[in-house]
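**Student:** Sequence first, predicted model second:
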Amino acid sequence: MVSGPIATMLLADQGAEVIKVEAPGGDYMRRVGVKHRGMSTSFLTCNRGKRSLCLDIKRPEGLEIVKQLASTVDVFVQNFRPGAIQRMGLSRETVSDIRPDIIYASISGFGDTGPCSHQRVYDPVIQALSGMADVQMDQHSGLPRMVRTIICDKTSALATAQSITAALFRRERTGKGGHVGVAMLDVMIGFLWPEAMASLSFIGKEEDPAHSQRSPDLVFKSQDGYLTAGAISDLEWEGMCRALDRTDLIEDPRFKTAAERAHNSAERRQITSDEISNWPSAELLARFDTEGVAAAPILNRTGIMDHPQVIENRIFQPIEDGVLGPVRMPRPATIFDDQATSISTLAPFKGDDNTAILTEIGYQPEQITQLNNANVLFDSPPTTDQGSRS
């Protein structure tokens, strides 16, 4: 649902001009999440930096507009089940005939063929089939669990954006366009293979990955909250023992080596948990830091904005929008040449750029008026009288 939107948003962050083509009712994500003055948080956070063209592609005039637009762009991205884009009249072959050097990117759940390719896909389906739900299995009950975010969609978006830039680089070298195919199932298995499935690598000598992932989550309750802390090497373990004022554990034969600590992991965790519960979080985290132990407070999502490192990194960029008012967004993560990338524009309202886009591809004002009157073009102005966004 959001692989395509996030992938193209990442490209917009890096300087691409992105036009989002929407159906008359608008993108489904416009109707999900917290709404404010005609904008939903779900759409806002997946579509910054884009322009919106809203039309009825089922009408010949609407399809013709998209085809004319395709003749002017470098990349065409579609995020439908196999067969859907063909029925719309915008297959890979059709678009490539219009512009032979175009990069045509297709994102789907399972790819174009196979027993599942026709199925509707949401993130939990891929979590189930890729092994992600098994990785998250409850250690006590054996119940598979889902990651509570659309990790498959987001990871597929990263893979798509990277692959599109690679295809553009190839075109720069060869002059040839091409097709970029991304299946969410493929992405997630590749994502999980290092570490979570590595023990399946040697053919004929496979071991159940679950056996090596039985350690419980490193979540500990302190006197006044929750924190995480981990000690893998001997030095880290010794530092943890000193921080907890339990230097006697350093020479304890159950925990003397990494192998013994792994063998007696349940006992070690119980002791660690009991000791951490006696300390206030801030004091213990300071002691862990002094001893070189990896540790952090477990923050709720509203609390991350006030953490000193988040503030130091200037992750959040406040934006004053003429319609929405003040908006908080995390800036693009990558810093180029010591310069953070800023967000230039927020997500568009439905059909915000209809007139400008059609004018750019050669439509005259009277033609645009006719298309509006014939219900080929659609828009949805913000629900406020505060004026324009500019």
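**Tutor:** Yep, it's here.

**Student:** got the buried residues for the longest helix anywhere in the chain?
**Tutor:** When the chain is parsed with DSSP state H, its longest helix is helix 151-174. By neighbour count with 16 or more other C-beta atoms under 10 Å, helix 151-174 contains the buried residues 151-157, 159-161, 163-165, 167-168, 171. C-beta coordinates here come from the backbone N, C-alpha and C atoms, glycine included.

**Student:** tell me how far it is from the chain's mean position?
**Tutor:** Its chain's C-alpha centre lies 14 Å from the corresponding centre of helix 151-174 when counted by C-alpha atoms, centre = their mean, to the nearest Å.

**Student:** Just list whatever residues bridge to Ile19.
**Tutor:** Arg51 (DSSP bridges).

**Student:** need the contact list for it.
**Tutor:** 50-53, 69, 73, 353, 357 (C-beta atoms under 8 Å, 6 or more residues apart in numbering).

**Student:** And the furthest pair within those residues?
**Tutor:** Maximum pairwise distance in the contacts of Ile19, criterion C-beta to C-beta, is 15.1 Å, between Ser52 and Val73.

**Student:** Extract the residue ranges of this protein that are flagged as low pLDDT.
**Tutor:** Residue ranges of the chain with pLDDT under 70: 213-214, 383-390.

**Student:** can we see that at 90?
**Tutor:** For the chain, applying pLDDT under 90 flags the ranges 1, 138-140, 142, 210-217, 340-342, 344, 380-390.

**Student:** Give me the buried positions along stretch 178-191.
**Tutor:** Those buried within stretch 178-191 under the rule 16+ other C-beta under 10 Å are 178, 180, 182-189, 191.

**Student:** Dump the C-alpha coordinates for it into CSV.
**Tutor:** What follows is stretch 178-191, C-alpha atoms only, in CSV (Å, rounded to 0.1, in the frame of the first residue of the first chain):
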residue,chain,number,x,y,z
GLY,A,178,14.5,-0.9,-18.6
HIS,A,179,12.2,-2.6,-16.1
VAL,A,180,12.7,-2.7,-12.4
GLY,A,181,10.7,-5.4,-10.7
VAL,A,182,10.4,-5.5,-6.9
ALA,A,183,8.4,-8.2,-5.0
MET,A,184,7.9,-7.6,-1.4
LEU,A,185,8.4,-11.3,-0.6
ASP,A,186,11.8,-11.3,-2.3
VAL,A,187,12.8,-8.1,-0.4
MET,A,188,11.9,-9.4,3.0
ILE,A,189,13.6,-12.9,2.6
GLY,A,190,16.7,-11.1,1.5
PHE,A,191,16.4,-8.7,4.3
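
**Student:** just the contacts of Ile19 now: which is nearest Ser212?
**Tutor:** Taking the contacts of Ile19 together and measuring to Ser212 by C-beta to C-beta, the closest member is Lys50, at 42.8 Å.

**Student:** sorry, back to before: now, the buried residues of stretch 178-191 that are in strands?
**Tutor:** 178, 180, 182-183 (DSSP state E).

**Student:** can you count the residues close to Ala231?
**Tutor:** Look at Ala231: counted by other C-beta atoms under 10 Å, it has 25 neighbours.

**Student:** Distance of it relative to Leu218?
**Tutor:** Relative to Leu218, Ala231 is positioned 10 Å away (C-beta to C-beta, to the nearest Å).

**Student:** Angles on the backbone of Met39, please.
**Tutor:** Here is the backbone geometry of Met39 (degrees, to the nearest 10): phi -120, psi 130.

**Student:** I'd say it and Lys350 touch.
**Tutor:** No: in this structure, Met39 is not within contact of Lys350 by C-beta atoms under 8 Å, at 9.8 Å.

**Student:** shared neighbours of these two, anything?
**Tutor:** Joint contacts of Met39 and Lys350 (C-beta under 8 Å, 6+ apart) are Arg30.

**Student:** Contacts only, for Val2.
**Tutor:** 29, 46, 150, 153-154, 157.

**Student:** at 10 Å what do you get?
**Tutor:** By C-beta atoms under 10 Å, 6 or more residues apart in numbering, Val2 lies in contact with 9, 27-29, 42-43, 45-47, 79, 123, 150, 153-154, 156-157.

**Student:** that older thread, of Ser52 and Val73, who's got more company?
**Tutor:** A side-by-side neighbour count of Ser52 and Val73, using other C-beta under 10 Å, places Ser52 first with 25 against 17.

**Student:** Contact partners for the more buried one?
**Tutor:** 18-22, 26-27, 30, 43, 347-354, 357, 379-380.

**Student:** Distance of it relative to Gly303?
**Tutor:** Counting by C-beta to C-beta, the gap from Ser52 to Gly303 is 34 Å.

**Student:** rewinding a little: can you list residues touching both of Ala231 and Leu218?
**Tutor:** 272, 294-295.

**Student:** Which members of those residues are classed as buried?
**Tutor:** For the shared contacts of Ala231 and Leu218, buried by 16+ other C-beta under 10 Å: 272, 295.

**Student:** burial of Pro24, as a residue count?
**Tutor:** The burial count for Pro24: 18, using other C-beta under 10 Å.

**Student:** Can you tell me the centre-most residue of the chain?
**Tutor:** Lys154 (2.7 Å; C-alpha atoms, centre = their mean).

**Student:** For the nearest residue to that residue once chain neighbours are set aside, give me phi and psi.
**Tutor:** What sits nearest to Lys154 in space, not counting adjacent residues and going by C-beta to C-beta, 6 or more residues apart in numbering, is Ile6, at 6.1 Å. The phi and psi values for Ile6, taken as degrees, to the nearest 10, are phi -70, psi -40.

**Student:** Quick one: residues contacting Ile6.
**Tutor:** Here Ile6 is in contact with 45-47, 150, 153-158, 160-161 (criterion: C-beta under 10 Å, 6+ apart).
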